[in-house]
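[1] Curious how this folds, go ahead:
(one chain, ligands or ions: 1)
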Amino acid sequence: MVIREIRAKSILTKSNIPGVDFCINPYVGCAHACLYCYARFMKRFTGHDEPWGEFVDVKVNAAALLRERLTTMRNPQGYVLVGSVTDPYQPLERKYELTRGIMRELAASPFDVTVLTKSDLVTRDVDVLADFERCTVEFSITGVDEEVAAALEPGAASPARRLAALRELHEAGVATRVFVSPILPGLTNLYAVFEAVRGFTGGISAETLNVSAADWPRLAAAFRKSFPDRFPAFRENARSPDYWDGVEAEFGRLCAELGVPASGFYRH
Ligand code: SF4
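    Numbers count the residues shown, from 1 in each chain. Down below sits the predicted model:
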C-alpha cells in the first residue's frame, strides 16, 4: 500500500450527483479495494501507477480547510455527502481522524449530511454523530455472505461487523440507512439483507452493478475463481435489463412486505 500525505486545495466540492449539493472526500483512493468499485476512475487524477485499492492520498489539512471554507461561505446550506469516491472510515482513518474532524465541523454547520461507509470504524465517532441531528450514517453492503465480501471487497469490514455497527448506531439514536451497493447477480441475497437490517434502518436503497465503471476483467476473474458455478449466470445477468427488472420488482416487494422504507433503486 502506497500512502502519501497531501495538502488539499479544496474540500467542499460541488456535486453532480442528483440531490447532493456538495461532496467531501477526506482521502483519495480507498484501501477497501472493492473489485466492483465505481470510483476507480479517480486514479487518473492522482499520478499513481498502483492499481485502485493499493494507494491512498491523505488530505491532512481536510478539517482545517473545511473550517476555513465554512467561515467564509455565504449562506451555507444544502446536502453534503461525505464519501462519494472514497470510504471516509477506511483503516487509515483510525490514525488520521480526518473524517472525525470533518464531522465535528459539519455538526456546527447548517448542512444536512450523509456519511457513506463500508466500515464499522464509524462507531468510534458515536459521540459526535449522536448529537448531530441533521446527519445520517449510511452503510453500504453487498449482502450478508462473509465469503463474498472476503473475495470481492477484501479491505472492507466484514458484513457482520457492518451490521453490528448499524445496530449500535441505531441504538445510540443516530439516523441510519442501508445501501445495497451494488447488487451482485447470483451473490446478493436481498431477502437476507432485509431480514438483517429491518428495525435498525430508516430506509434502504440499492443499485445495480455498474459494469462499465468496474474493473470488469479483475472482477470477473475474482468471481470465477471464488464462485465458478455461479459465474456464467453472473456474466449473463450483469448486463441483462430483464434480470434487473426482476431484481427491482423484488426490491419493491421486500420493502412493502418487510416494512422497510424504500430510499431508491438506481440502475446503471
Ligand atoms: S469502499 Fe467504496 S470507495 Fe472504497 S473501494 Fe469499496 S466501493 Fe470503492
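[2] For the rest of this, base every contact and every neighbour count on C-alpha atoms.
    OK.
[3] my guess is Asn237 meets Pro185, correct?
    Yes: assessed by CA atoms under 8 Å, Asn237 is found in contact with Pro185 at 6.4 Å.
[4] more crowded one of those two?
    The neighbour count for Asn237 versus Pro185, taken as other CA atoms under 10 Å, is higher for Pro185 (21 against 16).
[5] Grab the nearest non-local neighbour of the more buried one.
    Excluding the flanking residues, the one nearest Pro185 by CA to CA, 6 or more residues apart in numbering is Phe234, at 5.2 Å.
[6] who's in contact with stretch 234-253?
    Stretch 234-253 is contacted from outside by 184-186, 190, 208-209, 211, 220, 262, 265, using CA atoms under 8 Å, 6 or more residues apart in numbering.
[7] could you give the mean pLDDT of it?
    In this model, stretch 234-253 has a mean pLDDT of 97.
[8] Buried residues in the helix or strand hosting the residue nearest to Pro185, which are they?
    According to DSSP states H and E, Phe234 maps onto helix 231-237. Judged by neighbour count (16 or more other CA atoms under 10 Å), helix 231-237 contains these buried residues: 231, 234-235, 237.
[9] Could you pull up the residues touching the residue nearest to Pro91 when sequence neighbours are not counted?
    Of all residues not flanking Pro91 in the chain, Ala31 sits nearest, at 7.3 Å (CA to CA, 6+ apart). Contact partners of Ala31, counting by CA under 8 Å, 6+ apart, are 1, 53-56, 90-91, 155-156.
[10] repeat that for 10 Å
    1-3, 52-56, 86-87, 90-92, 153-156 (CA atoms under 10 Å, 6 or more residues apart in numbering).
[11] filter the residues you listed by proximity to the ligand?
    Within the set of the contacts of Ala31, contact with the ligand (CA under 6 Å from any ligand atom) is found for 86-87.
[12] quick one, helices of this protein?
    62-72, 93-96, 98-107, 126-129, 146-152, 159-171, 190-197, 216-226, 231-237, 241-258 (DSSP state H).
[13] what helices or strands is the strand ranked longest in the chain leaning on?
    If you go by DSSP state E, the chain has its longest strand at strand 175-183. In this structure, strand 175-183 makes packing contacts with strand 112-117, strand 135-141, helix 159-171, helix 190-197, strand 204-208, strand 262-266, judged by 3 or more CA pairs under 10 Å, 6 or more residues apart in numbering; DSSP states H and E.
[14] So what's the gap between the worst-scoring helix or strand of the chain on mean pLDDT and the chain middle?
    Ranking every helix and strand in the chain by mean pLDDT, DSSP states H and E puts helix 216-226 at the bottom, with a mean of 94. Centroid separation for helix 216-226 versus its chain: 21 Å, with CA atoms, centre = their mean, to the nearest Å.
[15] Much appreciated, bye for now.
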